[in-house]
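Participant: sharing a sequence plus its predicted fold:
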Amino acid sequence: MAFGFLFIPNWKTELKILINNRLFQSVILIAILYILSVIVSENFSFYVLSVKEKILYLFVPISMYCLLITDKQKLFGKFLFGACSLIQAIFAILFFIQHKTETEYLYSIGKVLPVIKIQHVQIAVLISFTIIMMISVLFSETNKWIKISSFITAFCLIIFLHIFAVRTGIVLLYVMMILYLGLKLIEFKKWKMLAIVVVLFPILIFTFYQNSTTLKSKISYMKYDILQFKNHDKNAFQYSDSRRLNSIKIGIEIANKFPFFGCGIGDIKDECAKIYKEENSSVESKFYYLPHSQYVYFISCFGYLFGFILIICFIYPVVYFAKQKNYLLITLYSGLLIFGIWDAFLGTLFGNSIYLFLIGIGLSKNDNSITH
């Protein structure tokens, strides 16, 4: 995908058109700022490790823009997401059925069912995205059997996501469902239905919480973690939520220490390690978390000025999709922005892939306009 544009005969002409697109410009600016971070980075090996995937930002959007993606291909892509998600769900449910006692123990200590290869928070995010894609099929102009299939797929994945009980996935699911259904109902001027959705979803969420011992257990676990963080407990690093909060606090400390240009992408790991050692020398190096927030990560690595520019570029796609009135992409990218509050996902292959996927689909030439 990175070099696919080279096989397009008129790719130079396409690039001249694309270079004026503000969405593409926001992606390029993110890549350039990452690359220029070498100026303030002393640890070159970690710099290369952190920046190498950002090189893809310069090329993947070009290749995806050159692709002519038909409505049928988009529909196939949605069901491909659905199939992959269902495979993950079946794998986890089989474990759930075969290891009930072990499952109860996993839930009691805040862990989750096993899934194939990918990390549990990431798969929960992808499944929540898939559900929204399946719901979008219900509003498309396609035959009823495809709509029935999409409804069944979405329903099964919603049930699984609640059994899976990863808080990130559940939060994103309900936020995106309310946003997407709200936008579509506003588009069709279904005001009474909109009011029902706004009232019904909080009731559903509350009802599910009241009847889910698993989720209650996870919420209690989260409250305990936060309490350990607030009390500065010496063993707080052993709890996942406490580690995340502490990493965000450390990221803000680094931003205040290097307010102008940040510590540099290459040095963020070393700077975090220094603070961890100063605050608690007994903490194992495997718990030296980088800032677990995409926004805090930006300002700690790039300083307040350039970090703010990166945040603007990071947020801009949702504005672009709003101008295009692409409600599905508005919803999915908004979910990504919310996810970024507590996860610096652009530092992972998963994060870069999902980001470029949404950007690429948004740039596809069969959108209403490519010049906004």
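Facilitator: Arrived safely.

Participant: pLDDT averaged over stretch 119-129 - what is it?
Facilitator: Mean pLDDT, computed over stretch 119-129, is 92.

Participant: now do it: distance to the chain's middle.
Facilitator: Relative to its chain's centre, stretch 119-129 lies at 8 Å (C-alpha atoms, centre = their mean, to the nearest Å).

Participant: measure the closest residue to Leu56 other than its chain neighbours to Lys16 for me?
Facilitator: Closest residue to Leu56 apart from its sequence neighbours, by C-beta to C-beta, 6 or more residues apart in numbering: Ala2 at 5.3 Å. Yep, even glycine has a C-beta here, placed from its N, CA and C like the rest. Using C-beta to C-beta, to the nearest Å, one gets 20 Å for the distance from Ala2 to Lys16.

Participant: which one's more surrounded, these two?
Facilitator: For Ala2 versus Lys16, the count of surrounding residues by other C-beta atoms under 10 Å is larger for Ala2: 14 against 10.

Participant: isn't the more buried one right next to Phe59, touching?
Facilitator: Yes - counting by C-beta atoms under 8 Å, Phe59 is a contact partner of Ala2 at 4.5 Å.

Participant: now do the SS call for Tyr297.
Facilitator: helix (DSSP: H, G, I helix; E, B strand; the rest coil).

Participant: thought it was touching Cys272?
Facilitator: No - here Tyr297 lies out of contact with Cys272, judged by C-beta under 8 Å, at a distance of 10.6 Å.

Participant: which neighbours do these two share?
Facilitator: Residues touching both Tyr297 and Cys272 (C-beta atoms under 8 Å, 6 or more residues apart in numbering): 251, 290-291.

Participant: redo those as TSV? Include neighbour count, secondary structure and distance to Leu358.
Facilitator: What follows is the shared contacts of Tyr297 and Cys272, written out as TSV (neighbours: other C-beta atoms under 10 Å; DSSP: H, G, I helix; E, B strand; the rest coil; distance: C-beta to C-beta, whole Å):
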residue	neighbour count	secondary structure	distance to Leu358
Gly251	28	helix	25
Leu290	21	coil	23
Pro291	27	coil	23
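
Participant: name the nearest of the residues you listed relative to His120.
Facilitator: Ranked by distance to His120 (C-beta to C-beta), those are led by Leu290 at 18.9 Å.

Participant: distance of that closest one from Phe298?
Facilitator: The gap separating Leu290 from Phe298 is 12 Å, by C-beta to C-beta.

Participant: and what of Glu284?
Facilitator: 27 Å.

Participant: which one's more surrounded, the two?
Facilitator: Phe298 (28 against 9).

Participant: and the pLDDT at the more buried one?
Facilitator: With respect to pLDDT, Phe298 has a value of 97.

Participant: residues touching it, list them.
Facilitator: Phe298 sits next to 307-308, 310-311, 314 when contact means C-beta under 8 Å, 6+ apart.

Participant: got a markdown table for those residues, with neighbour count, distance to Lys190 and pLDDT too?
Facilitator: Formatted as a markdown table, those follow (neighbours: other C-beta atoms under 10 Å; distance: C-beta to C-beta, whole Å; pLDDT from 0 to 100):
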| residue | neighbour count | distance to Lys190 | pLDDT |
| --- | --- | --- | --- |
| Gly307 | 22 | 41 | 96 |
| Phe308 | 14 | 39 | 97 |
| Leu310 | 24 | 38 | 97 |
| Ile311 | 17 | 35 | 97 |
| Phe314 | 21 | 33 | 97 |
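
Participant: stretch 102-117: which residues count as buried?
Facilitator: In terms of neighbour count (16 or more other C-beta atoms under 10 Å), stretch 102-117 has its buried residues at 103, 106-107, 110, 112-113, 115.

Participant: quick check: the two most widely separated of those?
Facilitator: Across these, no pair lies farther apart than Gly110 and Val115, at 16.1 Å, counting by C-beta to C-beta.

Participant: so for the spatially closest residue to Ser37 that is not a sequence neighbour, what's the pLDDT?
Facilitator: Nearest residue to Ser37 in three dimensions, chain neighbours excluded: Ile265, at 4.1 Å (C-beta to C-beta, 6+ apart). Ile265 is assigned a predicted lDDT (pLDDT) of 94.

Participant: tell me where the model's unsure across the stretch 201-350 of the chain.
Facilitator: Within the stretch 201-350 of the chain, the stretches with pLDDT under 70 are 209, 212-215, 217-218, 221, 224, 233-236, 238.

Participant: who has more neighbours out of Tyr297 and Cys272?
Facilitator: Tyr297 (28 against 21).

Participant: residues in contact with the more buried one?
Facilitator: Counted by C-beta under 8 Å, 6+ apart, Tyr297 has contacts 251, 268, 290-291, 344, 346-347.

Participant: repeat for Ile178
Facilitator: Going by C-beta under 8 Å, 6+ apart, Ile178 touches 197-198, 201.

Participant: circling back: between the buried residues of stretch 102-117, which sits nearest Gly182?
Facilitator: So of these, ranked by how close each gets to Gly182 (C-beta to C-beta), first place is Val112, at 29.4 Å.

Participant: now do the contacts for the closest one.
Facilitator: Counting by C-beta under 8 Å, 6+ apart, Val112 touches 106, 120, 164-166.

Participant: determine the three-state secondary structure at it.
Facilitator: With three-state DSSP as the basis, Val112 sits in coil.

Participant: backbone torsions only: list them for it.
Facilitator: phi -130, psi 180 (degrees, to the nearest 10).

Participant: same thing with the one 4 residues further on?
Facilitator: When quoted as degrees, to the nearest 10, the phi and psi of Ile116 stand at phi -80, psi 120.

Participant: tell me the contacts of the nearest residue to it once chain neighbours are set aside?
Facilitator: Nearest residue to Ile116 in three dimensions, chain neighbours excluded: Phe91, at 5.5 Å (C-beta to C-beta, 6+ apart). Listed by C-beta under 8 Å, 6+ apart, the contact set of Phe91 reads 114-116.

Participant: appreciated, that's everything.
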